[in-house]
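>>> I'd like to go over a predicted model; first the sequence, then the structure.
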Amino acid sequence: MEVVYWPLLDLLVWGFITVYLAQYRQNLPGFVTFFIGALILWDILFRSHQGISVSFLEDVWAKNLLNLFTSPLSPAEYIFALMLVSVVKLVTVAAIMAVLAWIIYSFNIFLIGVSLVPFVLNLVVMGWAIGIITTALILRFGQEAEVLAWALGFLFMPVSAVFYPVSVLPQFLQTIAHYVPASHVFEGMRGVISSGVFPLSQLMWSSGLNAIYILAAFLFFYWNFSVVKRKGLLVRIGE
Amino acid sequence: MREPVVKVEKLTKVFKSLKAVDDVSFRIFPGEILGLLGPNGAGKTTIIHMLLGLTTPTSGDIQVFGLDLRKHRKEIVQNVNFSSSYVSMPNSLSVNESLKVFARLYKTKKREKRIQELLEAFEIAGIRDKLVRHLSSGQQTRLNLAKALINDPKVLFLDEPTASLDPDIADKTRTHLRSIKKDRNISILYTSHNMKEMEQMSDRIIFLHRGQIIAQGEPGEVIRSFGRSNLEEVFLKVAREEEA
């Protein structure tokens, strides 16, 4: 991870930011709003993902997992509980970041308006889908996969158009970005800031993709959970 | 004729090329303590995990309270509980909070009263506000046992429950388990590497070796069938034959 994964992600994200800045350095619209707003919104997605995967890991580290799964709690109820925990965590983090951005940079994220709400919800749902898949992978592959609790979300950053538009990406990455809900969210947010027009099609794309991905994440978790029980791996990670 | 609360038929578990549990059948009757013993890798813990639905059997049937575990797991676990010295409680919560969590999960009636009874029974009332992460291993084991009784279970699976307790607390724990077994007619499946404890606690024992039952019956019967004077000697005989 340290040798390939993180350096590659850094190179991609910072590289595309540089390309974007080089193209628009003369008249980059709403520069501060774009970057600080994007940072806060990306953190919402990241905390939503971590709220599930790290909370799950806390149960693993506390050796509490077997107590939970020998109780009447079903796997779906457990995942819903992790989702609720993630909401509490991300609301706290987003509030702190919004206040700090206002104090330090005089940036008020709420100026974006009510159009922020459906886009933020989409970021939360995408974070949940990644978190559920991460949890399933950790259950299956154990300690070796724990790093995914932090790393998997970042895999989507270069193709989420967080700090630059999708048009900056090479064609094959643009195609991938089209199927990443976050890219529609960030493109939509840029649209709201620059033109003031609510981008309904971006919201529809993002919501549609998220509906598919969250369902797929649940199905993957359930399939994986049955494999884990068959292979006796739940016990290995739980003790 | 007494109906068993747990009925296991031809239970087998294969992990790749290893047969961890091989065609094991047994019953647990109401108010009975059944001891599972055998050397490491004999299949004791795998059997308990299959009975709890944590591991799926390769073949065989498990019925608890006359219900098929595969189809009625949620109803069954409402009246079953488990404690293991290898499992712990949420370490960022206090003793009291963690018991409350499990009381809610099991929908325990009169939660506060039940928690207070258990805190007193296991002598942890004085540390009820202490965080789980700050407990000694003995205190954690007692908390695990308190959790295992939170739903007033009819069947209890205990995997080496006294492993990290000092002799005084271990003795009190055994006394408490015997008393709840007597008062509430609870059935217990018990594993331990302490052979003296197994002899004292078990009404019946099952001796496992390489996933198979090699002897079962009352402790005295099993000891006599091996021509030894206590379970420790039986255990050593089986373990050393394996080494040889």
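Arrived safely.

>>> Please make it C-alpha for all contacts and neighbour counts, starting now.
OK.

>>> Tell me where the chain is predicted with low confidence.
Picked chain A for this. Within chain A, the ranges that satisfy pLDDT under 70 run A:1-3, A:25-33, A:238.

>>> wrong one, I was asking about chain B
Scanning chain B for pLDDT under 70 picks out B:1, B:242-244.

>>> who's in contact with residue 125?
Picking chain A for this. Residues in contact with A:Val125, defined by Cα atoms under 8 Å, 6 or more residues apart in numbering or on different chains, are A:48, A:210, A:214.

>>> Wait, chain B was what I had in mind.
Contacts of B:Ala125 (Cα under 8 Å, 6+ apart): B:116, B:119.

>>> From B:Gln140, how far off is it?
Using Cα to Cα, to the nearest Å, we find B:Ala125 at a distance of 13 Å from B:Gln140.

>>> what number of residues lie near A:Ser106?
11 (other Cα atoms under 10 Å in any protein chain shown).

>>> all helices for chain B, in order.
Along chain B, counting by DSSP state H, helices occupy B:44-51, B:69-77, B:95-105, B:111-121, B:137-148, B:167-184, B:195-201, B:219-225, B:231-243.

>>> B:Val87 is in contact with A:Arg236, isn't it?
No - B:Val87 lies out of contact with A:Arg236 (Cα atoms under 8 Å); the separation is 11.2 Å.

>>> Settle it for me: which of these two has more neighbours?
Shown here are B:Val87 and A:Arg236; by other Cα under 10 Å, B:Val87 has more neighbours (21 against 14).

>>> Find the nearest non-adjacent residue to the more buried one, please.
Using Cα to Cα, 6 or more residues apart in numbering or on different chains and skipping the chain neighbours, the partner closest in space to B:Val87 is A:Lys63 (5.2 Å).

>>> mind listing what's buried in the helix or strand where A:Val88 lies?
Counting by DSSP states H and E, the element that carries A:Val88 is helix A:75-105. Neighbour-count burial for helix A:75-105, counted by 16 or more other Cα atoms under 10 Å in any protein chain shown, picks out A:79, A:82-83, A:86-87, A:89-90, A:94, A:97-98, A:101.

>>> I'd like the residues you listed written out as CSV, with distance to chain B added.
Formatted as CSV, the buried residues of helix A:75-105 follow (distance: Cα to the nearest Cα, whole Å):
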residue, distance to chain B
A:Ile79, 14
A:Leu82, 14
A:Met83, 17
A:Ser86, 17
A:Val87, 19
A:Lys89, 16
A:Leu90, 19
A:Ala94, 23
A:Met97, 25
A:Ala98, 28
A:Ala101, 31
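
>>> Surely B:Pro39 is in contact with B:Phe235?
Yes - B:Pro39 lies in contact with B:Phe235 (Cα under 8 Å); the separation is 7.3 Å.

>>> quick one: buried residues of the helix or strand following the helix holding A:Val88?
As assigned by DSSP H and E, the chain's next helix or strand after helix A:75-105 is helix A:116-141. Within helix A:116-141, the residues scored as buried using 16+ other Cα under 10 Å are A:116, A:119-120, A:122-140.

>>> Kindly report the same for stretch B:65-73.
Residues of stretch B:65-73 classed as buried under the neighbour-count rule (16+ other Cα under 10 Å) are B:65, B:67, B:69, B:73.

>>> Spell out which residues of chain A are next to chain B.
By the rule Cα under 8 Å from any Cα of the partner chain, the part of chain A lying against chain B is A:59, A:62-64, A:66-67, A:69-74, A:229-232, A:234-235, A:238-239.

>>> now with 7 Å?
Proximity of chain A to chain B (Cα under 7 Å from any Cα of the partner chain) is limited to residues A:59, A:62-64, A:66, A:70-73, A:229-232, A:234-235, A:239.

>>> Ranking by neighbours, what's the top pick from those?
Neighbour max across the residues of chain A next to chain B (other Cα under 10 Å) = A:Leu66, 26 neighbours.

>>> Show me how far the strand or helix carrying that residue is from its chain's centre.
For A:Leu66, the enclosing helix or strand under DSSP H and E is helix A:65-69. Its chain's C-alpha centre and that of helix A:65-69 lie 27 Å apart, by Cα atoms, centre = their mean, to the nearest Å.

>>> And stretch B:61-74, by the same measure?
Per Cα atoms, centre = their mean, the centroid offset for stretch B:61-74 relative to its chain is 18 Å.

>>> and if you look at stretch A:4-20?
With Cα atoms, centre = their mean, you get 18 Å for stretch A:4-20.

>>> one step back: any idea which of the helices of chain B gets closest to chain A?
In terms of Cα to the nearest Cα, the element of the helices of chain B nearest to chain A is helix B:69-77, at 5.3 Å.

>>> quick check, that closest one touching chain A?
Yes - residues of helix B:69-77 contacting chain A under Cα under 7 Å from any Cα: B:74, B:77.

>>> Can you check what angle separates that helix from helix B:44-51?
90 degrees (axes from the mean of the first three to the mean of the last three Cα atoms, to 10 degrees).

>>> Name the surrounding residues that touch helix B:69-77.
Here helix B:69-77 makes contact (Cα atoms under 7 Å, 6 or more residues apart in numbering or on different chains) with A:70-72, B:62-64.

>>> Could you pick out the residues of chain B near chain A for me?
Checking chain B against chain A by Cα under 7 Å from any Cα, the hits are B:15, B:52, B:54-56, B:74, B:77-78, B:86-91, B:105-106.

>>> what does the helix or strand hosting A:Leu9 rub up against?
A:Leu9 belongs to helix A:5-24 when assigned by DSSP H and E. Here helix A:5-24 makes contact (Cα under 7 Å, 6+ apart) with A:158, A:163-164, A:168.

>>> Show me what the residue minimising distance to the centre of chain B bridges to in the sheet.
Central residue of chain B (Cα atoms, centre = their mean): B:Leu158, 1.7 Å from the mean position. Assessed by DSSP bridges, B:Leu158 has beta-bridge partners B:Ser83, B:Tyr190.
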